[in-house]
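K.L.:
My questions concern the predicted model and sequence given below.
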Amino acid sequence: MKSAGAGEQAINNIAKAGIEATLDNAESLEVDLHSNPLDLMQGEIDSVSVKGEGLVMQKELRADKLRIETNDISINSIKAAMGNIELSKPTDARMLVVLKETDLQNAFNCEYVRDKLQNLKIDLDGEQVTAKIEQVNFLLPDIGKVKLEANVHLVETDQNEKISLTAIPEIDNEGNCINLKSIEYLQDTKYNTAVAKAIIDSAEEILDLRNFELDTMSLRVRKLDVNLGKLTIEADAEITDFPNA
């Protein structure tokens, strides 16, 4: 039993190192492998659970919580003994991601997204003008809705405007993206359509579930809950291999 425990811990450590290598940062990360000694020697694992908090993913998006629970896994036990976890066949898993409003807000105003919202060409009374979106507020003010507010500077006319809208997030047909539908403008301006499209496109890029995929994982959203201050995503995953450090 002692040697089996040591074997489980060794594989846990390898898997943890591999997952950490795909992240920009992790405040806490736990990997727990469940198997009996005989099965483990034959490369059979009952399940693996991953629990993380404060995980910084692609595009500077921070997940407040991340949970992954796999089905049974078959691994190459010889390669595992040499520090490399290799799945003998794909396995299914379930994933839970919790995003806080403050983390979505920070992702929206990171350099990557901010650069995409500069020097936008929009049509104003038949003429093209340059719009710079200087600040975006991403809010989760109510059940089932998101709210986006932005300060817009029109370069040629040196005007400052504000755009404000609500939208309902919906899972797309492919199950790997969240689209913002049923747009409702809270302020009537001439720039709503053109500026809103750029903001919404950026929001949907941030909410693309593929930002949470590890290198060898594909996800399909099963459930989406939007509540005051947080967004919770439940997804099914297929894992073809474990990431290795």
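P.N.:
The structure has been received and is ready for your questions. Everything numeric in this text was worked out from a predicted model, so none of it was measured.
K.L.:
Correct me if wrong: residue 90 contacts residue 218.
P.N.:
No: taking contacts as Cβ atoms under 8 Å, residue 90 lies outside contact range of residue 218: 9.5 Å. For glycine as for every other residue, the C-beta is placed from the backbone atoms N, C-alpha and C.
K.L.:
Could you tell me which residues touch both of those two?
P.N.:
In terms of Cβ atoms under 8 Å, 6 or more residues apart in numbering, residue 90 and residue 218 are both contacted by the residues 238, 240.
K.L.:
Could you pull out the buried residues of the top strand by length along the chain?
P.N.:
In the chain, taking DSSP state E as the definition, the longest strand is strand 127-142. Of the residues in strand 127-142, those buried by neighbour count under the rule 16 or more other Cβ atoms under 10 Å are 129, 131, 133, 136, 138-140.
K.L.:
Pick out the lowest-pLDDT one from those residues.
P.N.:
Among these, residue 129 carries the weakest pLDDT, at 83.
K.L.:
give me every residue that touches that one.
P.N.:
So residue 129 contacts 121-123, 154-157 (Cβ under 8 Å, 6+ apart).
K.L.:
Okay, and the beta partners of it?
P.N.:
Going by DSSP bridges, residue 129 is paired in beta bridges with residue 122.
K.L.:
swap in residue 167?
P.N.:
residue 146.
K.L.:
I'd assumed residue 181 was in contact with it.
P.N.:
Yes: with contact defined as Cβ under 8 Å, residue 167 reaches residue 181; the gap is 6.5 Å.
K.L.:
For these two, indicate the residue with more neighbours.
P.N.:
Legend: neighbour count by other Cβ atoms under 10 Å for residue 167 and residue 181, higher for residue 167 (20 against 11).
K.L.:
what about residue 82, neighbour count?
P.N.:
8.
K.L.:
Same check on the one 10 residues further on?
P.N.:
Residues near residue 92, counting by other Cβ under 10 Å, number 13.
K.L.:
Tell me who's in contact with it.
P.N.:
Neighbouring residues of residue 92 by Cβ under 8 Å, 6+ apart: 70-71, 236-239.
K.L.:
Among those, name the ones in helices.
P.N.:
Using DSSP state H, no member of the contacts of residue 92 sits in helices.
K.L.:
now, which of those sits nearest residue 223?
P.N.:
residue 236 (10.0 Å; Cβ to Cβ).
K.L.:
That closest one bridge partners, please.
P.N.:
residue 94, residue 220.
K.L.:
can you map out the helices along the chain?
P.N.:
Assigned by DSSP H, the chain shows helices spanning 2-21, 37-41, 77-81, 101-108, 111-116, 192-206.
K.L.:
and the first one, what other elements does it pack with?
P.N.:
When contacts are defined as 3 or more Cβ pairs under 8 Å, 6 or more residues apart in numbering; DSSP states H and E, helix 2-21 sits against strand 25-34, helix 37-41, strand 47-56, helix 77-81.
K.L.:
Using CSV, write down the CA coordinates of the longest strand of the chain.
P.N.:
Output of strand 127-142 as CSV, limited to C-alpha atoms (Å, rounded to 0.1, in the frame of the first residue of the first chain):
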residue,chain,number,x,y,z
GLU,A,127,-18.1,59.8,-43.2
GLN,A,128,-15.5,57.5,-41.6
VAL,A,129,-14.2,58.6,-38.3
THR,A,130,-11.7,57.1,-35.9
ALA,A,131,-13.0,55.8,-32.5
LYS,A,132,-10.9,54.9,-29.6
ILE,A,133,-12.5,52.8,-26.8
GLU,A,134,-10.7,54.0,-23.7
GLN,A,135,-12.3,52.1,-20.9
VAL,A,136,-14.7,49.1,-20.8
ASN,A,137,-16.7,48.0,-17.8
PHE,A,138,-17.8,44.4,-17.9
LEU,A,139,-20.5,43.9,-15.3
LEU,A,140,-22.7,40.9,-14.2
PRO,A,141,-25.5,42.9,-12.6
ASP,A,142,-28.3,40.4,-12.6
